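Peer 1: Attaching a predicted model along with its sequence, questions to come.
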Amino acid sequence: MSGSLSTDNEVFRVYLAYSALAVLKLLAMSSLTSFNRVSRKVYDNLEDAKLGGPDAHKFVRKDPFIERIRRCHLNDLENIVPFLIIGILYVLTGPSVYAATWHFRIFVVSRFIHMFAYLAQLPQPSRATAMYIGWCATASMAVQCLQAGQY
């Protein structure tokens with residue numbers, strides 16, 4: 001069942017697991033943003049700020065940490081969505097379980113390291129390195145998809 005989108009295909013099962021981790025991380029970033037907005041009483045919109053009580057206009061402001069979370073989340077969206085698309089195409093090329101597992105693993109681990117580096121405000125190039133390692137894993141899969149598509 002090599003190259004099929006079936007749970008009989010071990011590469012597809014590995015893709016499902018790592019993709020689920022990446023999506024859960026993406027969802028966690030949304031929750032982290034919301035939690036910090038509510039706990040710090042910081043909102044982007046007046047109608048949301050009214051949840052904070054009277055004098056709602058005081059709660060419509062920017063918070064540096066919340067903006068940092070949002071930028072990290074945006075970077076996830078810019079990287080995880082292409083990974084999900086290219087990853088499924090890569091599964092269809094019938095790669096070895098070993099190669100596919102390492103591509104998926106490197107990508108997902110790099111996203112968690114990127115998040116930690118971003119939120120802990122580690123000095124550069126820690127965050128950029130983590131982001132580009134994951135980017136390279138996705139790019140490698142894309143190149144292999146292109147190669148598989150040539151006759």
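Peer 2: Perfect, I can see it now.
Peer 1: What count of nearby residues applies to residue 41?
Peer 2: Neighbours of residue 41 under the rule other Cβ atoms under 10 Å: 15. For every residue, glycine as well, the C-beta is placed using N, CA and C.
Peer 1: What distance do you get for it to residue 66?
Peer 2: Here residue 41 is placed at a distance of 11 Å from residue 66 (Cβ to Cβ, to the nearest Å).
Peer 1: for the lengthiest helix in the chain, what is the average pLDDT?
Peer 2: The helix that spans the most residues within the chain, counting by DSSP state H, is helix 10-40. Taken as a whole, helix 10-40 has a mean pLDDT of 95.
Peer 1: And it, what's buried?
Peer 2: 11-12, 14-16, 18-19, 21-22, 25-26, 29, 32-33, 36-37 (16 or more other Cβ atoms under 10 Å).
Peer 1: and of those residues, the nearest to residue 82?
Peer 2: residue 22 (11.0 Å; Cβ to Cβ).
Peer 1: Quick check: the gap between that closest one and residue 33.
Peer 2: Residue 22 is 17 Å from residue 33, by Cβ to Cβ.
Peer 1: Identify each buried residue in whichever strand or helix holds residue 82, please.
Peer 2: Using DSSP states H and E, residue 82 sits within helix 64-92. Within helix 64-92, the residues that qualify as buried are 66, 69-70, 72-73, 75-76, 79-80, 83-84, 86-88, 90-92, counting by 16+ other Cβ under 10 Å.
Peer 1: By mean pLDDT, flag the weakest helix or strand of the protein.
Peer 2: When each helix and strand of the chain is scored by mean pLDDT, DSSP states H and E, helix 46-49 comes last, with a mean of 78.
Peer 1: if we look at it, which residues are touching it?
Peer 2: Contacting residues not belonging to helix 46-49 are listed as 37, 41, 43, 56-60 [Cβ atoms under 8 Å, 6 or more residues apart in numbering].
Peer 1: which of the residues you listed are buried?
Peer 2: Neighbour counting by 16+ other Cβ under 10 Å classes 37, 43, 56, 59-60 among the contacts of helix 46-49 as buried.
Peer 1: which among the residues you listed gets closest to residue 118?
Peer 2: Closest approach between these and residue 118, by Cβ to Cβ: residue 37, at 17.6 Å.
Peer 1: residue contacts, that closest one?
Peer 2: By Cβ under 8 Å, 6+ apart, the contact set of residue 37 is 43, 48, 66.
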